[in-house]
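[1] have a look at this fold, sequence not included:
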């Protein structure tokens with residue numbers, strides 16, 4: 001998986017990531033972060049064996065997270081942890097594609113919002 005970092009931008013303070021992280025028991029956390037490395041390290045201190053399943057770049061990470069929480073609310077176990085149904089990837093990939101198109105448009109005007117980093 002490519003590693004990304006947010007490029008600071010005064011016009012878009014909510015740029016960041018929505019992540020899907022899986023626990024060893026199969027539950028999946030849908031959350032958001034501006035600094036994904038720091039957030040994953042924090043979660044890993046709380047729970048062993050976590051795995052990042054998906055990382056979605058977003059113009060507004062909080063709104064995107066809220067939309068995914070609403071989309072999968074019937075599968076919520078507790079808090080931000082879900083037991084997602086088969087085929088959930090298709091729905092999330094569709095949303096991620098739409099978000100990437102929006103990011104590309106904004107980057108044409110403002111410059112890069114994310115930069116790829118070596119892992």
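    Arrived safely, thanks for sending. This is a predicted model, so every value here is computed, not measured.

[2] contacts for whichever strand or helix holds residue 107 next, please.
    Assigned by DSSP states H and E, residue 107 belongs to helix 88-110. With contacts defined as Cβ atoms under 8 Å, 6 or more residues apart in numbering, helix 88-110 is touched by 9, 11-12, 20, 54, 56-59, 64, 67-68, 71-72, 113-114. Any C-beta I mention is one placed from the backbone N, CA and C, and that applies to glycine too.

[3] pull out the buried positions in that helix.
    88, 92, 95, 96, 99, 103 (16 or more other Cβ atoms under 10 Å).

[4] okay if I get these as JSON lines plus distance to residue 31?
    Below are these laid out as JSON lines (distance: Cβ to Cβ, whole Å):
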{"residue": "88", "distance to residue 31": "15"}
{"residue": "92", "distance to residue 31": "14"}
{"residue": "95", "distance to residue 31": "15"}
{"residue": "96", "distance to residue 31": "15"}
{"residue": "99", "distance to residue 31": "16"}
{"residue": "103", "distance to residue 31": "19"}
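
[5] of these, just say which sits nearest to residue 25.
    residue 88 (16.6 Å; Cβ to Cβ).

[6] now do the same for the closest one: its pLDDT.
    What the model reports for residue 88 is a pLDDT of 87.

[7] what's the distance between it and residue 96?
    In this view, residue 88 and residue 96 are 12 Å apart by Cβ to Cβ, to the nearest Å.

[8] and the host helix or strand of residue 18 with helix 88-110, angle?
    Assigned by DSSP H and E, residue 18 falls within strand 16-22. Interaxial angle of strand 16-22 relative to helix 88-110 (axes from the mean of the first three to the mean of the last three Cα atoms, to 10 degrees): 160 degrees.

[9] just give me how far strand 16-22 sits from the chain centre.
    Relative to the centre of its chain, strand 16-22 is centred 3 Å away, using Cα atoms, centre = their mean, to the nearest Å.

[10] just stretch 51-67 next, same as before
    3 Å.

[11] list the buried residues of that stretch.
    For stretch 51-67, a neighbour-count test (16+ other Cβ under 10 Å) marks 53, 54, 55, 56, 57, 58, 59, 60, 61, 64, 65 as buried.

[12] noted, bye for now.
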